[in-house]
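Novice: Sequence plus predicted model, see below.
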There are 2 protein chains.
Amino acid sequence: MSTHYGARPTMNDVAKRAGVAPKTVSRVVNGEPGVSEATLARVRAAIAELGFRRNDGARSLRSGRTASIGLLLEDIADPFSSQLNRAVEEAARSRGCLVLAGSSAEDPVRERELALTFCSRRVDGLIVVPAGDDHRYLLPELTAGLAAVFVDRPARRIEADAVLTDNVGGAREGAAHLIRHGHRRIGFLGDLPHIPTAAERLRGYREAMTGAGLPVSPEWIVMGSTGPAEVGAAVERLTSAQVGVTAVLAGNNRITVGVLRALSAQDRGRIAVVGFDDLELADLLSPGLTVVVQDPEALGRAAAELLFGRLAGDRRPPRELRFRTRLVARGSGEIRPGTACG
Amino acid sequence: MSTHYGARPTMNDVAKRAGVAPKTVSRVVNGEPGVSEATLARVRAAIAELGFRRNDGARSLRSGRTASIGLLLEDIADPFSSQLNRAVEEAARSRGCLVLAGSSAEDPVRERELALTFCSRRVDGLIVVPAGDDHRYLLPELTAGLAAVFVDRPARRIEADAVLTDNVGGAREGAAHLIRHGHRRIGFLGDLPHIPTAAERLRGYREAMTGAGLPVSPEWIVMGSTGPAEVGAAVERLTSAQVGVTAVLAGNNRITVGVLRALSAQDRGRIAVVGFDDLELADLLSPGLTVVVQDPEALGRAAAELLFGRLAGDRRPPRELRFRTRLVARGSGEIRPGTACG
DNA sequence: CTGAAAGCGCTTACAG
DNA sequence: CTGAAAGCGCTTACAG
């Protein structure tokens, strides 16, 4: 093992020690055929003695592939993102590929900066949960050979592969579930309407109401209030005597948590709630939380499959995959209007 | 913008177009001083026209720094790991550094492979939540200048910085809390005892019992049963009339969830529970879940600070940081023995 | 089965 | 303020 601090042995060092050419060391390191047993042994010994480890950066510079992909998430720490992250990691790992992941924090500027930083690192491909609404900044990179797949929300102003959830259908199903249990005055709390998923879920809610012949009062819809305090205020207003909503469809994870916290223990047995996205422990609440679930692992897996397909030479036109949601009934969505106590 | 598919413009291309030397382009791209306004403008124009983006791989090869660090987690998707991940990402981002993250899945072989893969990528440093019990495989890398910080569990058989949770103290506090509420027969469910954190938490439990002059029956301790079914069986046995435990200290997140699922709604108001690690929605359960919390963000932040300090030239002897836990009482830990109903 | 030469795209260490 | 030369550590594309 090399003991000179800071000095890393190179293939050249190994070659000299083994008395061969660098190319022969390269063959051994990469498991290429055409090396005699005797040479193989000498080179391997030299590698072990020097503690040699191939420099993948140098390799990438010459070969043109970095065997790494960039993954752009909204927030690496939230459950949706981190489950997607794991699915992508798994797919990458099985192909000897590493994942550079980062959070955009729902900020288009940060999305763009991170995406282009990944491009400077010459990732082979990009999987993006986009925050922005204009992805033309990727055009030069795509032209230069970058593969890109969008997840959860489609690319805007460019053509690209996308793996999406059927948000309209999911929200429709959630609202229809509440209608089926007797509700006519149903509130919808969603994220900012410029976010495609939020707009789609709102549309699904409206479709279910209209489809059942029910009116929708503008008072019942609150978009863009996702912080705990704002959700609390919204819930209080919606469930007040004046507005008189008997059920709430929550447009995402964070909003659902806010709604649950805002409802008093008593109201939790009185106001029906359906959430979009699952939560750990949701089944242990009383009543259990009824949710429309999407499958972040399936999204991540599909996105990775698409991406690696592109990297393997797939030149077909961009594809759009839609994943269905599933309604999981656990109690909170089955409360009927006018129930005195849960 | 270059339109020839697959061809990326280089600094040389930019230099030719602007009529300057590559070194001058390098100065402009890196914001170095000593370039006249006129030259600056010409080079910038050429960069924009060609759609040039610096190849960071080539840069790293020459400069010797990749501006990236490797992060080795147990499972990128679990809340502890993903919160730690975000804290590390944030610290790295503020220093223009990217994070390569991967999961060891609690497998020493996979830990080692991933760590050495990161080394082949020439990450500047490594933050590791270790799975294995021998880290001498990192010695050649450390000698060559790699910085490494261990988190949650210390390095084994090598000297390295570590950022840890006070597991003994945390478990002691959790058990003492139950004792203070009148329990004498307290069960402990922990992970495999060869995992340092699991062993420490068991020790804290024992210390609290002994410190209060209470006996500990071997029947009350179950180590290594972390799957839902196993935890269920363990809980059933512990709370049976024969064993007669009135309270349970759950040694980690997954075990806590298992315990809650295993307890019937009635038993949830009868058997006291304290969990190690917080859970989302823990406050919305009935009773609310009492937990000993650690702070994964603080661990991640501290580990990153230590690492970047080393990269900036800190040559002091390895340090060990211990973070205190905090007990959050929400109801489940305050149930007294013999309570008929929650 | 083995190797010599060139080059990937930058930065370093100079010189003027 | 600007640039020519060399080199980072590999692999490519040959040749023998």
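Specialist: Nice, thanks for sending it over. Numbering: from 1, shown residues only, chains lettered A, B, ... in the order given.

Novice: any idea of the mean pLDDT in stretch A:232-244?
Specialist: Taken as a whole, stretch A:232-244 has an average pLDDT of 95.

Novice: need the residues of the stretch 101-250 of chain A near chain B, please.
Specialist: Proximity of the stretch 101-250 of chain A to chain B, by Cβ under 8 Å from any Cβ of the partner chain, involves residues A:101-103, A:116-122, A:139-141, A:143-145. C-betas here are computed from N, CA, C, even on glycine.

Novice: What is the neighbour count of A:G34?
Specialist: Using other Cβ atoms under 10 Å in any protein chain shown, A:G34 has 7 other residues around it.

Novice: Tell me the residue of chain A that sits nearest DNA strand C?
Specialist: Relative to DNA strand C, the nearest point of chain A is A:A21 (3.0 Å; Cβ to the nearest atom of the strand).

Novice: Can you tell me how far that residue is from B:V245?
Specialist: A:A21 is 70 Å from B:V245, where distance means Cβ to Cβ, to the nearest Å.

Novice: A:T66 now?
Specialist: The gap separating A:T66 from B:V245 is 55 Å, by Cβ to Cβ.

Novice: And A:A131, by the same measure?
Specialist: Distance of A:A131 to B:V245, given as Cβ to Cβ: 49 Å.

Novice: cool, and A:I158?
Specialist: Distance check for A:I158 against B:V245: by Cβ to Cβ, it reads 61 Å.

Novice: Skipping its backbone neighbours, what lies nearest A:A87 in space?
Specialist: A:G300 (3.0 Å; Cβ to Cβ, 6 or more residues apart in numbering or on different chains).

Novice: wait, that neighbour sits on A:S82?
Specialist: No. Assessed by Cβ atoms under 8 Å, A:G300 is found out of contact with A:S82, at 10.1 Å.

Novice: Is it correct that the residue of chain A closest to DNA strand C is in contact with A:A15?
Specialist: Yes. In this structure A:A21 lies within contact range of A:A15 using Cβ under 8 Å: 5.9 Å.

Novice: Neighbour count for those two, which is higher?
Specialist: Legend: neighbour count by other Cβ under 10 Å for A:A21 and A:A15, higher for A:A15 (18 against 13).

Novice: Count the neighbours of the nearest residue to A:L289 once chain neighbours are set aside for me.
Specialist: Nearest-residue entry for A:L289: A:A282, 4.0 Å, with adjacent residues in sequence omitted and distances by Cβ to Cβ, 6+ apart. Neighbour count for A:A282, taken as other Cβ under 10 Å: 23.

Novice: Next: A:V20.
Specialist: Applying other Cβ under 10 Å, we find 18 residues neighbouring A:V20.

Novice: tell me the contacts of it?
Specialist: A:T39, A:R42, A:V43 (Cβ atoms under 8 Å, 6 or more residues apart in numbering or on different chains).

Novice: can you pick the most crowded of these?
Specialist: When neighbours are taken as other Cβ under 10 Å, the top entry among the contacts of A:V20 is A:V43 (25 neighbours).

Novice: and the gap between that one and DNA strand D?
Specialist: Look at A:V43 and DNA strand D: by Cβ to the nearest atom of the strand, to the nearest Å, they are 12 Å apart.

Novice: Surely that residue and A:V14 touch.
Specialist: Yes. With contact defined as Cβ under 8 Å, A:V43 reaches A:V14; the gap is 6.7 Å.

Novice: what residues do these two have in common as contacts?
Specialist: Common neighbours of A:V43 and A:V14 (criterion: Cβ under 8 Å, 6+ apart): A:V25.

Novice: can you tell me how far A:D107 sits from A:A131?
Specialist: Distance of A:D107 to A:A131, given as Cβ to Cβ: 6 Å.

Novice: the more surrounded of those two?
Specialist: Legend: neighbour count by other Cβ under 10 Å for A:D107 and A:A131, higher for A:A131 (21 against 14).

Novice: Now do the SS call for that one.
Specialist: Three-state call for A:A131 (DSSP: H, G, I helix; E, B strand; the rest coil): coil.

Novice: Likewise for A:V259?
Specialist: Here A:V259 is recorded as helix under three-state DSSP.

Novice: That one touches A:V274, doesn't it?
Specialist: No. Using Cβ under 8 Å as the test, A:V259 is too far from A:V274 to be in contact (10.0 Å).

Novice: got the contact list for A:S81?
Specialist: When the contact criterion is Cβ under 8 Å, 6+ apart, the partners of A:S81 are A:L73, A:E74, A:D75, A:S103, A:V129, A:P296, B:S82.

Novice: Filter the residues you listed down to the ones in strands?
Specialist: Members of those lying in strands (criterion: DSSP state E): A:L73, A:S103.

Novice: Let's see if you can find the most crowded of the contacts of A:S81.
Specialist: Using other Cβ under 10 Å as the neighbour criterion, A:L73 leads these with 28 neighbours.

Novice: For DNA strand D, see how far away the nearest residue to that one once chain neighbours are set aside is.
Specialist: Nearest residue to A:L73 in three dimensions, chain neighbours excluded: A:S81, at 4.1 Å (Cβ to Cβ, 6+ apart). Distance of A:S81 to DNA strand D, given as Cβ to the nearest atom of the strand: 34 Å.

Novice: list the buried ones in the worst-scoring helix or strand of chain A on mean pLDDT?
Specialist: Least confident helix or strand of chain A, by mean pLDDT, DSSP states H and E, is helix A:265-268 with a mean of 84. Along helix A:265-268, these residues count as buried under the neighbour rule (16 or more other Cβ atoms under 10 Å in any protein chain shown): A:R268.

Novice: Give me the distance from that helix to the chain's centre.
Specialist: Chain-centre distance of helix A:265-268: 33 Å, with Cα atoms, centre = their mean, to the nearest Å.

Novice: can you check stretch A:158-178 too?
Specialist: Counting by Cα atoms, centre = their mean, stretch A:158-178 is centred 15 Å from the centre of its parent chain.

Novice: same deal with stretch A:97-104?
Specialist: With Cα atoms, centre = their mean as the basis, stretch A:97-104 stands 11 Å off its chain's centre.

Novice: quick one: the strands in chain A?
Specialist: With strands called from DSSP E, chain A shows them at A:68-73, A:98-103, A:125-128, A:147-151, A:161-165, A:186-190, A:221-223, A:247-250, A:272-276, A:290-293, A:320-323, A:326-328.

Novice: winner for burial among those strands?
Specialist: strand A:247-250 (a mean of 30; mean count of other Cβ atoms under 10 Å in any protein chain shown).

Novice: partners of that one in the sheet?
Specialist: Next to strand A:247-250 in the sheet, as set by DSSP bridges, lie strand A:186-190 (parallel), strand A:272-276 (parallel).

Novice: got JSON lines for those, with distance to DNA strand D and mean pLDDT too?
Specialist: Formatted as JSON lines, the strands paired with strand A:247-250 follow (distance: least, Cβ to the nearest atom of the strand, whole Å; pLDDT from 0 to 100):
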{"stretch": "strand A:186-190", "distance to DNA strand D": "50", "mean pLDDT": "98"}
{"stretch": "strand A:272-276", "distance to DNA strand D": "47", "mean pLDDT": "97"}
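
Novice: Give me every residue in chain A lying close to DNA strand D.
Specialist: Applying Cβ under 7 Å from any atom of the strand, one finds that chain A approaches DNA strand D through A:8, A:10-12, A:22-23, A:26, A:29-30, A:52, A:54-55, A:58-59, A:61-63.
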